[in-house]
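> Predicted model, plus sequence, below.
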Amino acid sequence: MRKVFNILSSSKLGISLFLLIAAASILGTLIPQGASSGFYISKYGETWGKLILKLNLDDAYHSWWYICLLVIFMINLITCSIKWFPKSWKLFKRNPCDLSIEKLPNKVEEKLNLESNKLSNLEDFIKDLGFVLCKKQNQEVLFCKDKNRFSYLLVYVVHFAVILVIVGGLIGAVWGFRGSMAILEGETSNMVMPFKKRSPIFLNFYIKLKKFLIERYKDGTPKAYISKVEVIDGKKKFDTVIKVNSPLRYKGISFYQANYQEVPEFEIEVFFKDKRELYTINWLTPLIINNRFSLTLKQVGRMKGLLYATVTLIDTKTGKEYDGVIIQGFPHFVVPVENGVLRIMLLGVKDIKYISVFEVTKDPGVWLVFAGFIVIILGLMGIYFFEPKTIWIGLKEKKIVGGAIAKRSKDNIKEELLVIMERIKNLR
C-alpha cells in the first residue's frame, strides 16, 4: 500500500500527466471538435481520419482517456498534498523565537562599540525597524522579524484550486453536452441534437423563433445575425434576443447564434378536374393536394433565368409515385389521373422564411472551473510576491549577531541582513 502511495504521489508522475494533458488539449484545439465522421476522413485522409475517430480525438475533452488522465492527475495532487503538507505545516507553526543566538542560520557577527547606558536606545531602535523581542536573559537579547509565513501553505491552495478545475471539467464532461437546435420562424422546439450522439436531448422548456433578421453593411455584406425568440417554461414566458457574441443563458444552458438557412416558400398553380387552385410549398414539409396527392420538393435552382424545382408526386389512392420537374411559368409537370390529368406550374417565390441554427451547450461545472482559475492566479501571485523569510538580530557581549533565512532568495535575504546590521552598528 505504501508503495502504491509513493507512486501516486510522485512528482515525476505529476509532471508526466501534466504534459500528457497539455498535449491532448493542444490536439483538441488543433483538430476540429464535434464534426461528422466523414469530415475527418475527407480532411485528414482515410488512415489519419480513422485514427482520429478511433482515439476519440474528434471529441477529445469528453473521451474516456482524457477523463482518466484528469482523474489520475487529481489523485496525484491529493496524494502529493497529503505527503508534503505535514512538513509545510511544521514550517508554518514553527516559532522563530525558539532558536538560540548560537544556532541562528547564516549567522553573521560584528563588534558593537556601544556604551552600556545606550543599550536600551539600541533595543528601541531595533524594535522601530519592525523587529519583535523574543527573549532577554543573561545579557543576551534576541529579536526577530518574521514575514509571510502563511506562504508556506499557499502551494496547497493552488493544489486545491487545480482540483476544483479538474472536478469542474469532469462534471462538464459527464453531465454536460454540446449540440445544435434548428428552428423555423414561427415554430417551437425543445430538441437538441448532440454533436456526438444519435439520440436527441429534450429540454424541459421550449424556444420559439419569432423572427430571424440579418443586419447588413451598406455594401450588402452581413453585419449581424439576430434571432428574436420567446422562452416558454410552463406558465413562464419571456422574449429575448440571441445574436453572435450575445447568447441566451437559461437554466444553466447557453444558446449561441451559430448559423441560418433560407427556406423559400414557392407559389404553385394546380389544375385538376377543371379546377384551378393556388398552393404554397417549401422543401421542409410535403404539400397535400385535394386530400389525395402528396407533393414534395427535392431540389430548387435557376436555369437560363428561370426558376425550377424537381418534385415527387405520390397518389395516395393508387400508391403510384411520379418524379418530375416544374418550371416557372410552364405547366411542364403533367400527370395522368383516371380520366383526366393533373398539371402543376411553378409561379415563383412567394416568401422567404429562415431557419435559425443555435449551438446549445450545458456545462454545469463551468463555475467551478472559473473559481479554480481565479484561486490559482491568486495563489501563484501570493507564492511569488509573499516569500516567507525570517531575520534575527541578537545582542551578546558587545557583539551584534544576525541570522536570516528565506525560502528562495537566500542571497537577497543575506544582503538585507547585512544592511540592517550596518545601520544598527553605526547607531550613535
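Perfect, I can see it now.

> The protein: helices as residue ranges?
For the chain, the helices defined by DSSP state H cover 2-8, 11-30, 37-54, 64-93, 119-128, 154-175, 366-385, 410-425.

> and the residue nearest in space to the middle of the chain, what is it in contact with?
Centroid check for the chain by Cα atoms, centre = their mean gives residue 366 as the closest residue, at 6.6 Å. Contacts for residue 366 (Cβ atoms under 8 Å, 6 or more residues apart in numbering) come out as 168, 172. Placement of C-beta: from N, CA and C, glycine included.

> Just say which of the helices of the chain is most tucked in.
Neighbour counts (mean count of other Cβ atoms under 10 Å) averaged over each of those peak at helix 154-175, with a mean of 19.

> Do you know the pLDDT at the residue nearest to residue 158 when sequence neighbours are not counted?
Excluding its sequence neighbours, the residue lying closest to residue 158 (Cβ to Cβ, 6 or more residues apart in numbering) is residue 379, at 4.0 Å. What the model reports for residue 379 is a pLDDT of 94.

> Report whether the expected contact of residue 379 with residue 164 is present.
No. Applying Cβ atoms under 8 Å, one finds residue 379 not in contact with residue 164, separated by 11.3 Å.

> Spit out the residues that contact the two alike.
In terms of Cβ under 8 Å, 6+ apart, residue 379 and residue 164 are not both contacted by any residue.

> can you tell which of the helices of the chain is closest to residue 264?
Counting by Cβ to Cβ, residue 264 lies closest to helix 37-54 out of those; the figure is 27.5 Å.

> What mean pLDDT does the closest one get?
Helix 37-54 comes out at a mean pLDDT of 88.

> any low-confidence regions in the chain?
Along the chain, segments meeting pLDDT under 70 span 114-120, 198, 428.

> State which strand of it is the longest.
Under DSSP state E, the strand in the chain containing the largest number of residues is strand 340-362.

> And it, what does it pack against?
Applying 3 or more Cβ pairs under 8 Å, 6 or more residues apart in numbering; DSSP states H and E, we find strand 340-362 packed against strand 177-184, strand 201-216, strand 222-233, strand 253-272, strand 275-281, strand 306-315, strand 321-327, strand 333-337.

> Reformat the ones you listed as a markdown table; add distance to residue 356 and mean neighbour count.
Formatted as a markdown table, the helices and strands packed on strand 340-362 follow (distance: least, Cβ to Cβ, whole Å; neighbours: other Cβ atoms under 10 Å):
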| stretch | distance to residue 356 | mean neighbour count |
| --- | --- | --- |
| strand 177-184 | 6 | 19 |
| strand 201-216 | 5 | 16 |
| strand 222-233 | 4 | 16 |
| strand 253-272 | 5 | 17 |
| strand 275-281 | 21 | 13 |
| strand 306-315 | 24 | 18 |
| strand 321-327 | 28 | 16 |
| strand 333-337 | 32 | 16 |
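
> Which of the ones you listed sits closest to residue 104?
Proximity to residue 104 (Cβ to Cβ) singles out strand 253-272 among those, at 59.5 Å.

> Run me through the strand neighbours of the closest one, direction for each.
strand 248-250 (antiparallel), strand 275-281 (antiparallel), strand 340-362 (antiparallel) (DSSP bridges).

> Now do the contacts for the residue nearest to residue 370 when sequence neighbours are not counted.
Excluding the flanking residues, the one nearest residue 370 by Cβ to Cβ, 6+ apart is residue 168, at 8.0 Å. By Cβ under 8 Å, 6+ apart, the contact set of residue 168 is 365, 366, 367, 368, 369, 370, 371, 372.

> Repeat that for residue 345.
So residue 345 contacts 268, 269, 271, 326, 327, 329, 330, 331, 332, 333 (Cβ under 8 Å, 6+ apart).

> Can you lay out the residues you listed as TSV showing distance to residue 182?
Below are the contacts of residue 345 laid out as TSV (distance: Cβ to Cβ, whole Å):
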residue	distance to residue 182
268	25
269	31
271	35
326	27
327	30
329	33
330	34
331	35
332	32
333	30
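
> Would you check which pair of the residues you listed lies furthest apart?
Among the contacts of residue 345, 271 and 327 lie farthest apart (Cβ to Cβ), at 15.1 Å.

> I'd like to know how far the residue nearest to residue 370 sits from residue 359.
To residue 359, residue 168 is 20 Å away according to Cβ to Cβ, to the nearest Å.

> Check residue 80 too.
According to Cβ to Cβ, residue 80 and residue 359 sit 38 Å apart.

> Same question for residue 238.
Note on residue 238: its distance to residue 359, by Cβ to Cβ, is 21 Å.

> Check the separation of the first and last residues in stretch 268-278.
The first residue of stretch 268-278 is 6 Å away from its last residue (Cα to Cα, to the nearest Å).

> What lies in contact with it?
Contact with stretch 268-278 is made by 267, 279-281, 287, 289-290, 295, 326, 331, 337, 340-347, as judged by Cβ under 8 Å, 6+ apart.

> about what we covered before: and the residue nearest to residue 158, what is it in contact with?
154, 155, 157, 158, 161.

> Recalculate using a threshold of 10 Å.
By Cβ atoms under 10 Å, 6 or more residues apart in numbering, the contact set of residue 379 is 151, 153, 154, 155, 156, 157, 158, 159, 160, 161, 162.

> just curious, which of the residues you listed is nearest to residue 72?
Top of the list for closeness to residue 72, among these and by Cβ to Cβ, is residue 162 at 13.2 Å.

> And the nearest residue to that closest one once chain neighbours are set aside, how far from residue 376?
Nearest non-adjacent residue to residue 162, counting by Cβ to Cβ, 6+ apart: residue 77, 5.9 Å away. Distance, residue 77 to residue 376, using Cβ to Cβ: 12 Å.

> any common contacting residues for the two?
With Cβ under 10 Å, 6+ apart as the test, residue 77 and residue 376 both reach 158, 159, 160, 162.

> Could you dump the residues you listed into CSV with distance to residue 1 added?
Below are the shared contacts of residue 77 and residue 376 laid out as CSV (distance: Cβ to Cβ, whole Å):
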residue, distance to residue 1
158, 27
159, 22
160, 25
162, 25
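
> closest to residue 417 among these?
Ranked by distance to residue 417 (Cβ to Cβ), the shared contacts of residue 77 and residue 376 are led by residue 158 at 29.4 Å.
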